[in-house]
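# 3D model of this:
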Amino acid sequence: MAMHLVEVKTLHGYTINELNEIINSSKSKYTKSLLSAVIMRYNGIHTDDIMKTICRTRASITTYIHKWNKYGIDSIIDNRGGSESSFTDEMLQDLKDVVLSKSPETFGFMRSSWTTALLTQYIKEKYGKSYSAEWIRQLLISLGFSFKRGQYKPTKGDPYLQAIFKKNS
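I've put the predicted structure just below:
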């Protein structure tokens, strides 16, 4: 028994020429691929031929057509990889203030300096939202913060040995 082909049920009030104009004016590869697949399927071209023409997998082609059938022209918007951040401006200001002016010991932590792991724990306790330490690190970098490990500098000892130590570092 042969596999049932996915079909474009309607063009949602658009003509083939109008869809081609959208393809030509679009800069998005996603939009071009989706509309090309829809037009080709609407014209009766087999999925295998569409796959070869636009260099996409069968799963992508069927996803494109299902999205088109369900959402119409709204399906050409590429929503992959983006979302609204749940990190608010209030949280951002609080994070800046905490890093600049408060010690982790103030909030009951057993450290004297902030780490990204401590900041994620602080945010989870205060706002009830979880973020990865890496995301917090990138956020701090985007805010202009930098991190440099403290360099050990002996204060007591032979001044001659201290001078040699400074030359080596």
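
# so for the lowest-mean-pLDDT helix or strand in the chain, what gets flagged as buried?
Least confident helix or strand of the chain, by mean pLDDT, DSSP states H and E, is helix 159-168 with a mean of 77. When neighbours are counted by 16 or more other CB atoms under 10 Å, no buried residue of helix 159-168 is found. Heads up, the C-betas are built off the backbone N, CA and C, glycines and all.

# output the below-cut-off pLDDT ranges for the protein.
The model of the chain has pLDDT under 70 over residues 1-4, 81-83, 149-150, 152-155, 168-169.

# break it down into its domains, please.
16-76, 89-142 (automatic domain parsing).

# could you dump those domains to TSV with distance to residue 167 and mean neighbour count?
Output for those, formatted as TSV (distance: least, CB to CB, whole Å; neighbours: other CB atoms under 10 Å):
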stretch	distance to residue 167	mean neighbour count
domain 16-76	56	16
domain 89-142	28	14
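
# among those domains, which comes closest to residue 157?
Nearest to residue 157, of all the domains of the chain, is domain 89-142, at 24.1 Å by CB to CB.

# so how far is that closest one off the chain centroid?
Its chain's average C-alpha position is 21 Å from that of domain 89-142, according to CA atoms, centre = their mean, to the nearest Å.

# follow-up on the earlier one: CA atoms of the least confident helix or strand of the chain as CSV?
Written as CSV, here are the backbone C-alpha positions of helix 159-168 (Å, rounded to 0.1, in the frame of the first residue of the first chain):
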residue,chain,number,x,y,z
PRO,A,159,61.5,42.0,49.5
TYR,A,160,64.1,40.5,47.2
LEU,A,161,62.0,37.3,46.7
GLN,A,162,58.9,39.5,46.2
ALA,A,163,60.7,41.3,43.4
ILE,A,164,61.7,38.0,41.7
PHE,A,165,58.1,36.8,42.1
LYS,A,166,56.7,40.0,40.4
LYS,A,167,59.2,39.5,37.5
ASN,A,168,57.9,35.9,36.9
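
# in the protein, which spans are helices?
16-25, 29-42, 47-54, 58-71, 89-101, 116-127, 133-142, 159-168 (DSSP state H).

# can you lay out those as JSON lines showing distance to residue 78?
Formatted as JSON lines, those follow (distance: least, CB to CB, whole Å):
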{"stretch": "helix 16-25", "distance to residue 78": "14"}
{"stretch": "helix 29-42", "distance to residue 78": "4"}
{"stretch": "helix 47-54", "distance to residue 78": "15"}
{"stretch": "helix 58-71", "distance to residue 78": "11"}
{"stretch": "helix 89-101", "distance to residue 78": "27"}
{"stretch": "helix 116-127", "distance to residue 78": "30"}
{"stretch": "helix 133-142", "distance to residue 78": "23"}
{"stretch": "helix 159-168", "distance to residue 78": "54"}
